[in-house]
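Enquirer: Sequence and predicted structure below; questions after.
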Amino acid sequence: MTNPASPTQSPPERKTSRLTAWLPVVLAVIATMSWAGNITLAKLVNATIPPMGLSFWRWAVACIVLLPFVYKPMREQWPLLKQHIGLVLVLALLGVAGYNSLVYIALENTLSTNVVILQSTSPLMILLVQFLLLGQTTTLKQTLAIGISAIGVLLIITKGQLVSDFSIGQSELIALFAILVWATYCVLVQRLPQALKGLPILGYTVYIGTAMIFPVYVAESLFIQTMPISFNSVAISLYTGVFASGIAFFCWNSAVMRMGAAQTGQFMHLIPVFGIIFSMLLLGERMAGYHYVGITFIVLGLLIANLPSKKQPPTPTR
């Protein structure tokens, strides 16, 4: 069999092979760029669009966009859903109703830059949740990584006042709690049977999570602020529902199928990069000194967590 990358290929074939190799990278970049844009645009409109209104209409649009793709898998796995309904309800509460709503609430009184930087701690937060919920022990390397990244997180949520005049911003704490909620979702979703993963659980959690948001959205509309009908509200709902919830998901899943979960997961670190760029261009935000120091600690922790483990040298053969 001829190797796809062998020199015997014609120039058009080699060009096609290179394009195919780069396709999952492009897909992963599109997904992370869409998710970063979701946070930046939510901050851009948060003065006029209430958080639960944005959360509800984002997922209401996603329900329509995803229906053609998830209906058949959901119907096929209906008997299996009934066996795991408790876990699915928890996943819908955490992954759809909880996480995004908390992020939108946090953005009311903090910088978009803070939220996207804190997003980069999610891999380490997952390690922490695995230890707390499942009793999975962390290695010394992972514990060190979590501790170092925690310093960076504290620098950001205290706005650099880690030693003197120590105070923690409420909105930054909400954003950090949102990441804890997401990490818990990522850990618990692993308990699902294989047949429910992918499109079936996406459909079930989106539809159930949207139903969970609805009464809170109604209460917000009656007692706090009504979702306005305007160009901005329609545009942001379409963007978050179509791109951040629909297209981004398919791009990410396609990348995972081609590159694997571990390699694709590294692209999550692009969310803070794109988020900071979007925040500077669209919101005029600027990073302070504590942002740079905090990022340094978080990145250092991530690098330590991803260091390859030492392998035992092979036993010499006789």
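Expert: Great, that's in hand. Since the model is a prediction, treat every value here as computed from it, not as a measurement. Numbers count the residues shown, from 1 in each chain.
Enquirer: Buried residues, the helix or strand in which residue 186 is found. List them.
Expert: Element membership of residue 186, judged by DSSP states H and E, is helix 170-188. For helix 170-188, the neighbour count (16 or more other CB atoms under 10 Å) marks 171-172, 174-176, 178-188 as buried. (C-beta placed from N, C-alpha, C; glycine too.)
Enquirer: same check, this time on stretch 284-298
Expert: 285, 287, 290, 291, 293, 294, 295, 297, 298.
Enquirer: distance of the residue nearest to residue 38 when sequence neighbours are not counted from residue 110?
Expert: Leaving aside its sequence neighbours, residue 38 sits nearest to residue 244 (CB to CB, 6 or more residues apart in numbering; 3.9 Å). According to CB to CB, to the nearest Å, residue 244 and residue 110 sit 19 Å apart.
Enquirer: With neighbour numbers in mind, choose between the two.
Expert: In this view residue 244 and residue 110 are compared by other CB atoms under 10 Å, and residue 244 has more residues nearby, 25 against 21.
Enquirer: Helices of the stretch 201-318 of the chain, residue ranges please.
Expert: For the stretch 201-318 of the chain, the helices defined by DSSP state H, counting those that start in this stretch occupy 231-238, 248-259, 261-265, 270-278, 289-305.
Enquirer: Just say which of those helices is most tucked in.
Expert: Most buried of the helices of the stretch 201-318 of the chain by mean neighbour count (mean count of other CB atoms under 10 Å) is helix 270-278; its value is a mean of 21.
Enquirer: shaky segments in the stretch 151-300 of the chain?
Expert: Applying pLDDT under 70 to the stretch 151-300 of the chain flags residues 162-168, 261-263, 265-266.
Enquirer: just checking, what packs against the lengthiest helix in the chain?
Expert: Selection of the longest helix in the chain by residue count, based on DSSP state H, yields helix 11-45. Packing partners of helix 11-45 (3 or more CB pairs under 8 Å, 6 or more residues apart in numbering; DSSP states H and E): helix 51-76, helix 99-106, helix 112-119, helix 231-238, helix 248-259, helix 270-278.
Enquirer: Tell me which of those helices approaches residue 40 most closely.
Expert: helix 270-278 (3.9 Å; CB to CB).
Enquirer: before we move on, back to that, could the helices and strands packed on helix 11-45 go into a markdown table alongside distance to residue 203?
Expert: Formatted as a markdown table, these follow (distance: least, CB to CB, whole Å):
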| stretch | distance to residue 203 |
| --- | --- |
| helix 51-76 | 3 |
| helix 99-106 | 17 |
| helix 112-119 | 25 |
| helix 231-238 | 20 |
| helix 248-259 | 11 |
| helix 270-278 | 24 |
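Enquirer: quick revisit: mind putting the helices of the stretch 201-318 of the chain in a markdown table, distance to residue 102 included?
Expert: Compiled in a markdown table, the helices of the stretch 201-318 of the chain are given as follows (distance: least, CB to CB, whole Å):
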| stretch | distance to residue 102 |
| --- | --- |
| helix 231-238 | 18 |
| helix 248-259 | 19 |
| helix 261-265 | 22 |
| helix 270-278 | 16 |
| helix 289-305 | 20 |
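Enquirer: And those helices: which comes nearest residue 133?
Expert: Nearest of the helices of the stretch 201-318 of the chain to residue 133, taken as CB to CB: helix 289-305 at 18.7 Å.
Enquirer: Over to residue 224: give its phi and psi.
Expert: When quoted as degrees, to the nearest 10, the phi and psi of residue 224 stand at phi -120, psi -70.
Enquirer: Leaving aside the residues adjacent along the chain, what's closest to it?
Expert: Per CB to CB, 6+ apart, closest to residue 224 is residue 50, 6.5 Å.
Enquirer: So the closest residue to residue 32 other than its chain neighbours versus residue 48, what's the distance?
Expert: Spatial nearest neighbour of residue 32, excluding adjacent residues (CB to CB, 6+ apart): residue 270 at 4.2 Å. For residue 270, the distance to residue 48 equals 29 Å [CB to CB].
Enquirer: before we move on, back to that, please identify which two of the buried residues of helix 170-188 are farthest apart in space.
Expert: 171 and 188 (26.0 Å).
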